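Visitor: Have a look at this fold, sequence not included:
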């Protein structure tokens, strides 16, 4: 069978699709990736004539992929399937025109089952994780147990991506993931909904062995350009014994610097020493908001200012660059609360402060809170895919909303140079304009490239990186 995956653009390696491709290819199926930014996917489908077309969809991109799929199905007779976060949490997406099936949860076994069933000419029925639409009727099947042993999964099929995107192939940065799941219940995140979906069907947090991690990174290192490793795990420092083994093996067998994500309450002197010994150059840590009530009562982060500032100090003093993540425009929040977030970042002194406008994803606890309390304007399709351009929340006035949206773009500058705070507070009163967007893009691009993911790319790669970053949402 032939399976065509379609991606709008490549920001990071789409590891979920690459895992699916590995499983399918191991079973003898043909797989291709079409990237809309690089080629016309409808023309690619007409030329290659796939049996199945698949899309991995985040909330905020669902309308784009739905409309693209409708155009494609007018040109080619295919089975169209949708997976990823949006169909998992909004399975009613199967009712959209042109959608033949949606996959809930993890898709390796489910995708293989579907393709094997199609190849055998059997009816699509009874396959776990799948909702199928046939003749106006939707068949809703249960979720299979999660795979607890991540070591048995094949390596992601990076060649699928690299064949379609030469820039990513040649880039000195490569992305990996060593775990699935998260033990925390932050209200803005889908992890608690995912835990409910898999309740009684597997561990909530599953960690790949250090041996498997080192093996995969070395496999990529031996075949492709790579100077810097980005670990995309929600949390990288849960298990101290795992970090001890990583600190022993990673610098000896790989010897590359890397980025990972941490959480303030998990940051200890021992774990930071182990990260440094392993080769960690930078970490991301969620501050989210400087207002303690919003952080702990509304977001359920259960973190104090003291914990956050102390964790930041330990990270900085170890010589590890700190990226903070922050959410502005929270439901029930105000511009004054966002200024508190700025003040907390001043105390933490990060190498870069990443700010996002909160997006009220339904089916998350915070998204439902926002809707039930009348904070949301517009529909699900209006949620911004980029999470930094605009808010769909209702504030005390249109003026405050505009100021918060402007502040989001100038936030990192005010963190880097605290003396700019007064000027920024005046500038955000201006109408929205492209200069704020440009300032955001330029400073973020510089800080991420020189501090958070530091390596020296060839000049051609640098130019291509700038062009892609300025173009992509």
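Guide: Nice, thanks for sending it over. All figures in this text were calculated on a predicted structure; none of them were measured in a lab.

Visitor: How about the contacts made by residue 39?
Guide: residue 164 (C-beta atoms under 8 Å, 6 or more residues apart in numbering). The way it works is simple: take the backbone N, C-alpha and C, and place the C-beta from them, glycine included.

Visitor: For residue 318, see how far away it is.
Guide: Between residue 39 and residue 318 the computed distance is 44 Å (C-beta to C-beta, to the nearest Å).

Visitor: How about residue 366?
Guide: Relative to residue 318, and taking C-beta to C-beta, residue 366 is found at 32 Å.

Visitor: the more surrounded of these two?
Guide: residue 366 (21 against 16; other C-beta atoms under 10 Å).

Visitor: I'd guessed that one sits against residue 190; true?
Guide: No - in this structure, residue 366 is not within contact of residue 190 by C-beta atoms under 8 Å, at 10.6 Å.

Visitor: overlap in contacts of those two?
Guide: With C-beta under 8 Å, 6+ apart as the test, residue 366 and residue 190 reach no residue in common.

Visitor: and residue 359, what pLDDT?
Guide: Residue 359 is assigned 89 on the pLDDT scale.

Visitor: Which strand or helix spans it?
Guide: Under DSSP states H and E, no helix or strand contains residue 359.

Visitor: Determine the number of other residues adjacent to it.
Guide: With other C-beta under 10 Å as criterion, residue 359 counts 24.

Visitor: Can you list phi and psi of it for me?
Guide: Per-residue torsions, residue 359: phi -110, psi 120 (degrees, to the nearest 10).

Visitor: now residue 328
Guide: phi -100, psi 160.

Visitor: Tell me what it is bridged to.
Guide: Residue 328 has these beta-bridge partners by DSSP bridges: residue 357.

Visitor: from now on call the first residue 41
Guide: Yes, from this point I'll number from 41; that puts the last item at residue 368.

Visitor: List the residues that contact it.
Guide: Per C-beta under 8 Å, 6+ apart, neighbours of residue 368: 378, 381, 395, 396, 397, 398, 444, 447, 448, 451.

Visitor: ok, now residue 493?
Guide: Neighbours of residue 493 in contact, by C-beta under 8 Å, 6+ apart: 213, 268, 270, 299, 322.

Visitor: try it again with 6 Å
Guide: 213, 268 (C-beta atoms under 6 Å, 6 or more residues apart in numbering).

Visitor: where's it relative to residue 300, distance?
Guide: 12 Å.

Visitor: what do those two both touch?
Guide: With C-beta under 6 Å, 6+ apart, residue 493 and residue 300 have no common neighbours.

Visitor: Centroid-nearest residue for the chain?
Guide: residue 272 (7.8 Å; C-alpha atoms, centre = their mean).

Visitor: That residue and residue 217 touch, don't they?
Guide: Yes - between residue 272 and residue 217 there is a contact under C-beta atoms under 6 Å: 4.7 Å.

Visitor: do you know how far residue 108 is from residue 85?
Guide: Taken as C-beta to C-beta, the span from residue 108 to residue 85 is 11 Å.

Visitor: what does residue 178 give?
Guide: Residue 178 is 25 Å from residue 85, by C-beta to C-beta.

Visitor: What of residue 273?
Guide: According to C-beta to C-beta, residue 273 stands 34 Å off from residue 85.

Visitor: again with residue 284
Guide: 49 Å.

Visitor: These two - which one has more neighbours?
Guide: Comparing residue 284 with residue 85 by other C-beta under 10 Å, the one with more neighbours is residue 85, at 22 against 16.

Visitor: Residues contacting the helix or strand where that one lies, please?
Guide: With elements taken from DSSP H and E, the one containing residue 85 is helix 81-88. Residues outside helix 81-88 that contact it (C-beta under 6 Å, 6+ apart): 44, 46, 72, 74, 111, 112, 115, 116.

Visitor: Could you rerun that using 7 Å?
Guide: Applying C-beta atoms under 7 Å, 6 or more residues apart in numbering, the contact partners of helix 81-88 are 42, 44, 46, 72, 74, 93, 108, 111, 112, 115, 116, 118.

Visitor: What residue in this protein is the furthest from its centre?
Guide: residue 161 (36.0 Å).

Visitor: What about residue 57, how many residues nearby?
Guide: 25.

Visitor: next one: residue 208
Guide: Neighbours around residue 208, by other C-beta under 10 Å: 21.

Visitor: Check residue 234 and give its pLDDT.
Guide: 86.

Visitor: what's the burial count for it?
Guide: Residue 234, neighbours per other C-beta under 10 Å, totals 21.

Visitor: phi, psi of residue 213?
Guide: The phi/psi pair for residue 213 (degrees, to the nearest 10) is phi -100, psi 130.

Visitor: what's the answer for residue 122, then?
Guide: Torsion angles, degrees, to the nearest 10, at residue 122: phi -130, psi 130.

Visitor: Give the rounded mean pLDDT of the helix holding residue 85.
Guide: 97.

Visitor: Without its sequence neighbours, what residue ends up closest to residue 321?
Guide: residue 297 (3.8 Å; C-beta to C-beta, 6 or more residues apart in numbering).

Visitor: what's downstream of the strand or helix carrying residue 365, the next helix or strand?
Guide: If you go by DSSP H and E, residue 365 is part of strand 361-368. Reading on from strand 361-368 to the C-terminus, the next helix or strand found by DSSP H and E is helix 375-388.

Visitor: By neighbour count, which bits of that next one are buried? Give me those.
Guide: For helix 375-388, a neighbour-count test (16 or more other C-beta atoms under 10 Å) marks 375, 377, 378, 379, 380, 381, 382, 384, 385, 388 as buried.
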